[in-house]
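> Just a sequence and a predicted model for now, questions to come.
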Amino acid sequence: MSRILNVAVVGCGIGRSHIVEGYLPNADRFKVVALCDLNQERLDEVGAEFGVERRITDFADLLSMDDIDIIDVCTPPGAHLSMVVDSLRAGKNVVCEKPLVGSLKDVDAVIAAERQASGKLMPVFQYRFGDGIEQAKAIIDAGIAGKPYVGTVETFWRREAPYYAVPWRGKWKTELGGVLMGHAIHPHDIFTYLMGDIARVFGRVATRVNPIEVEDCISASIEMQSGALASFTATLGSVDEITRIRLQFEHVTIESDHAPYNPGNALWKILPRNDEVKSRIDALLADWQHVPSRFQTQMARFYDALVHDAPLPVTSQDSRRALELVTAFYHSSSTHQEVVLPLGPDHPLYESWVPAAFR
């Protein structure tokens, strides 16, 4: 019989989605035994919905509970650093929503704490999972796609006044950024997951849609370490909502499904250059096994990493790569200069990209 791991979910907003999509479909692997939230009404509502009796308002109380194997941090981004580090130091395994933390300095501190910890840390990038994206990844990893040429990422979403009625949203101190941090970070992660590391960024950010502190429009020209070129564009002012990732390789054109919040689920458009390439792809995918999308597969693979010593499906280094791009974006936009990656402690925004007036 498989061991069931006990989970405490901290933050009952997106934390509810973790329960519905991640833990309940994997009920033979996980059991949510505790909830933590500052809002007692929401805490009681979610607790009653899922039959969780242990309802905590003080996060520190969770750290001393010996029966909790995993602390799942789903709080506003500004609270992530202390909760993740304290959980690791308490010997817990940790899941943390994006963005993991709010600077390269902080992510390096988390990585250092992780090295000293007995538990494992998995940041959340749930958009990586599903049949569409995993078939694309398999084709690329098998060498069938060939040399990467160019790519585009379009994150055209819609956020209006009701979204920003939540007090912590749209503010530098608590959200740590706008469309670049809270929205486009997912498609950008998918792009680097498939296309590799970024070498250079020339980016722009602007606030054009909503009366908020942080940006809601971005655009950038990207050079990959492979030499491939790319462009990223995102806005929160779109009328409809799509996430579109299009990749051009030597032998294959790959385009994502356009579903804004689950681009990895449906099969992607795969256009082989000729019949030989098509035959290789058909052979590779002939015995394909269905991969559930989003949290269901990410949590299942986290279980395998904890219990069966499989690789983590998302790592703190993946989060660092995402935050390095964010840092480069903000620096390039403010200086009107190209930024060369990777970025280390000598970079001007290493300690924080948040403008000094808002820290």
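Nice, thanks for sending it over. Nothing here was measured: the structure is a model prediction, and the numbers come from that model.
> Return the list of helices and strands in contact with the helix or strand S334 falls within.
Taking DSSP states H and E as the criterion, S334 maps to helix 316-335. Packed against helix 316-335, as judged by 3 or more Cβ pairs under 8 Å, 6 or more residues apart in numbering; DSSP states H and E, are the following elements: helix 104-116, strand 121-123, helix 179-182, helix 185-195, strand 198-206, strand 217-224, strand 339-340. C-beta: built from backbone N, CA, C; applies to glycine.
> For the stretch 101-250 of the chain, give me the ranges with low pLDDT.
Within the stretch 101-250 of the chain, no stretch has pLDDT under 70.
> what's the angle from the helix holding S334 to helix 185-195?
Relative orientation of helix 316-335 with respect to helix 185-195: 110 degrees, computed using axes from the mean of the first three to the mean of the last three Cα atoms, to 10 degrees.
> quick one: buried residues of helix 316-335?
Using 16 or more other Cβ atoms under 10 Å as the burial criterion, the residues of helix 316-335 that qualify are 316, 318-333.
> ditto for stretch 60-76
Along stretch 60-76, these residues count as buried under the neighbour rule (16+ other Cβ under 10 Å): 62-63, 65, 68-76.
> between these, which is nearest G344?
Proximity to G344 was ranked across the buried residues of stretch 60-76 by Cβ to Cβ; first place goes to V73, at 26.3 Å.
> Would you double-check that A310 falls in a helix?
No - looking at A310 with DSSP: H, G, I helix; E, B strand; the rest coil, it is coil, so not inside a helix.
> Name the nearest residue to it, sequence neighbours excluded.
Once flanking residues are discounted, A310 sits nearest to D304: 3.9 Å by Cβ to Cβ, 6 or more residues apart in numbering.
> So the one you found is in contact with Q298, correct?
No - D304 lies out of contact with Q298 (Cβ atoms under 8 Å); the separation is 10.9 Å.
> So the two - more neighbours on which side?
When D304 and Q298 are compared for neighbours, Q298 comes out ahead with 25 against 15, by other Cβ atoms under 10 Å.
> thinking again about what came up before, quick one: distance of the helix holding S334 to the chain centre.
Taking the mean of its C-alpha atoms, helix 316-335 sits 14 Å from the chain's own mean (Cα atoms, centre = their mean, to the nearest Å).
> would you put the C-alpha positions of that helix in CSV?
Extracted C-alpha coordinates of helix 316-335, given in CSV (Å, rounded to 0.1, in the frame of the first residue of the first chain):
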residue,chain,number,x,y,z
SER,A,316,14.0,26.1,-7.5
GLN,A,317,16.5,26.6,-10.3
ASP,A,318,13.5,26.7,-12.7
SER,A,319,12.1,29.5,-10.5
ARG,A,320,15.4,31.3,-10.6
ARG,A,321,15.4,31.2,-14.4
ALA,A,322,11.9,32.8,-14.4
LEU,A,323,12.9,35.5,-11.9
GLU,A,324,16.1,36.2,-13.8
LEU,A,325,14.0,37.0,-16.9
VAL,A,326,11.7,39.2,-14.7
THR,A,327,14.8,41.1,-13.4
ALA,A,328,16.2,41.5,-16.9
PHE,A,329,12.9,42.8,-18.2
TYR,A,330,12.5,45.5,-15.5
HIS,A,331,16.2,46.6,-15.8
SER,A,332,16.1,46.8,-19.6
SER,A,333,12.8,48.8,-19.5
SER,A,334,14.2,51.3,-17.0
THR,A,335,17.6,51.7,-18.7
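> Can you give me every residue that contacts F129?
The contact partners of F129, taken as Cβ atoms under 8 Å, 6 or more residues apart in numbering, are 264, 291-294, 296-298, 313.
> Same check on D216?
Shown here is D216, whose contacts under the criterion Cβ under 8 Å, 6+ apart are 159, 178-179, 206-210, 235-237.
> And the furthest pair within those residues?
When the contacts of D216 are compared pair by pair using Cβ to Cβ, the two farthest from each other are R159 and A206, 14.7 Å apart.
> Next, name the residue at the spatial heart of this structure.
F125 (2.9 Å; Cα atoms, centre = their mean).
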